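Participant: 3D model of this:
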Amino acid sequence: LIPLLGMAALWRSTPYGLGLVNDSAYYIEGADNLLAGKGYVRTSGGGEVKPITHFPPCFSRLLAAFSLSGLELLPAARLLITLLFGLTIFLTGLSIRRLSGSPVFGLLGAFLMASSDVFLGVFSMALSEPLFLALTLAAFLALTNGLEHPDWKWLTGAGVLLSLATLTRYAGASLYLAAILAVLLYHYTQGSRPWKALGCLLAGGLPLPLISMIASRLAGG
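Facilitator: I've put the predicted structure just below:
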C-alpha cells in the first residue's frame, strides 16, 4: 500500500511530465536512436552522428524497451520512473526490515521514503538515478540472501544487478568494493572461506561492464 501511495504522489506531482535537464537529452536521444535501429548514438551540433560514450546505456535501453508498447519516450519515462519509485519504496522497507528485524521499522522506513520531498525531487526528473537506486538496493538484498543461505544463484544474481547498476551510473563501480568487503567480512566472522562466494559474485558482475567498456572504447576511439 505504501509504494502505491508513493507512486500516486509522484504521478500527481508531475502532471506535465518529468523534469528535463541537459543529461536528460542524452538519455532520451539515446533511447530514440536505439528504437530507430541506429544504436546508442547522438547527433552533434554539427549534425554528425557520434556514439554516446560518457553516459552509460542501461537507462536508455530500458526506456526504449518501455516505448515498444507504443508510448512516446517522455510519457514512457514518466511511467517507468513512477514504477521505479514504487519498487524503491518497497525495497527500502524490505531492507530495513531485514536489518532491524522489525516489521514496524520496515513500514516506517518505507513511509519515510515515500513521503520524502528529496526523493520525490530525485524521481521527478528524467534521469538515471531512480533506476540506479532500485538496482543497488536489489543487488545488496540478493547478496544478503546469497550469504545467509549459501546459493550461487543469489550471489551470481547480485553480481548481475551490480553490473546493471554500474551500466546505469558509472559511479556504481564503487559498489563492487562494498560487495567484496561484505563477502570477506561475512565469511571472516563465520570462520569460512569466501572464494566460492566471491567467484559467483564476480562471475555475474564482471562480464557485462567489461564488454560495455570494450565496446565503448572501440566506438569512441
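Participant: switch to C-alpha atoms for all contacts and neighbour counts from now on
Facilitator: Fine.
Participant: mean confidence score for the helix or strand hosting residue 177?
Facilitator: Assigned by DSSP states H and E, residue 177 falls within helix 173-190. For helix 173-190, the mean pLDDT works out to 94.
Participant: what's the host helix or strand of residue 28 in contact with?
Facilitator: Secondary structure assignment for residue 28, by DSSP H and E: helix 22-35. With contact meaning CA atoms under 8 Å, 6 or more residues apart in numbering, helix 22-35 is reached by 39-42, 52, 55, 57, 59-61, 63-64, 73-74, 126-127.
Participant: Distance from it to the middle of the chain?
Facilitator: Computed by CA atoms, centre = their mean, to the nearest Å, the chain-centroid distance of helix 22-35 equals 17 Å.
Participant: Could you name the helices and strands sitting against the helix or strand following that helix?
Facilitator: Using DSSP H and E, the helix or strand that follows helix 22-35 in sequence is strand 41-43. On a contact count with 3 or more CA pairs under 8 Å, 6 or more residues apart in numbering; DSSP states H and E, strand 41-43 meets helix 22-35, strand 49-51.
Participant: can you do 6 Å?
Facilitator: strand 49-51 (3 or more CA pairs under 6 Å, 6 or more residues apart in numbering; DSSP states H and E).
Participant: Give me the buried positions along the strand it packs on.
Facilitator: Across strand 49-51, burial judged by 16 or more other CA atoms under 10 Å covers residue 51.
Participant: following it, which helix or strand shows up next?
Facilitator: The first helix or strand that comes after strand 49-51 along the chain, using DSSP H and E, is helix 58-67.
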